[in-house]
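[1] The following block contains a protein sequence and its predicted model.
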Amino acid sequence: MRLAADDVTGVLLDDCGHYPAEEQPERFTEVLSTFLRGDR
């Protein structure tokens, strides 16, 4: 994504593969909510 966007933040979710919303729903929701609020 860094090739397509100027402001990119990566997040690693422990014990998670290809489906973060299913495998780590609480952490995924926390990260997504933070992103959508603009709290980076």
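    Structure's in. What do you need?
[2] mind saving the C-alpha coords of the longest helix anywhere in the chain as CSV?
    When the chain is scanned for its longest helix (criterion: DSSP state H), the result is helix 25-37. These are the backbone C-alpha positions of helix 25-37, laid out as CSV (Å, rounded to 0.1, in the frame of the first residue of the first chain):
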residue,chain,number,x,y,z
PRO,A,25,-12.7,-9.7,16.0
GLU,A,26,-12.2,-7.7,19.2
ARG,A,27,-8.7,-6.5,18.2
PHE,A,28,-9.8,-5.9,14.6
THR,A,29,-12.7,-3.8,15.7
GLU,A,30,-10.4,-1.8,18.0
VAL,A,31,-7.9,-1.1,15.2
LEU,A,32,-10.6,-0.3,12.7
SER,A,33,-12.4,2.1,15.1
THR,A,34,-9.1,3.9,15.9
PHE,A,35,-8.4,4.3,12.2
LEU,A,36,-11.9,5.6,11.4
ARG,A,37,-11.7,8.1,14.3
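[3] ok, and the closest non-adjacent residue to residue 28?
    residue 20 (4.5 Å; Cβ to Cβ, 6 or more residues apart in numbering). C-beta coordinates here come from the backbone N, C-alpha and C atoms, glycine included.
[4] Number of residues surrounding that neighbour?
    When neighbours are counted by other Cβ atoms under 10 Å, residue 20 registers 16.
[5] residues contacting it?
    Contacts for residue 20 (Cβ atoms under 8 Å, 6 or more residues apart in numbering) come out as 13, 27, 28.
[6] Just the buried residues of those.
    residue 28 (16 or more other Cβ atoms under 10 Å).
[7] Let me have the contacts of residue 20 in CSV, adding pLDDT and distance to residue 3 as columns.
    Putting the contacts of residue 20 into CSV (pLDDT from 0 to 100; distance: Cβ to Cβ, whole Å) gives the following:
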residue, pLDDT, distance to residue 3
13, 92, 23
27, 95, 26
28, 95, 24
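[8] how about JSON lines for the contacts of residue 20, with distance to residue 39 added?
    Compiled in JSON lines, the contacts of residue 20 are given as follows (distance: Cβ to Cβ, whole Å):
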{"residue": "13", "distance to residue 39": "18"}
{"residue": "27", "distance to residue 39": "15"}
{"residue": "28", "distance to residue 39": "16"}
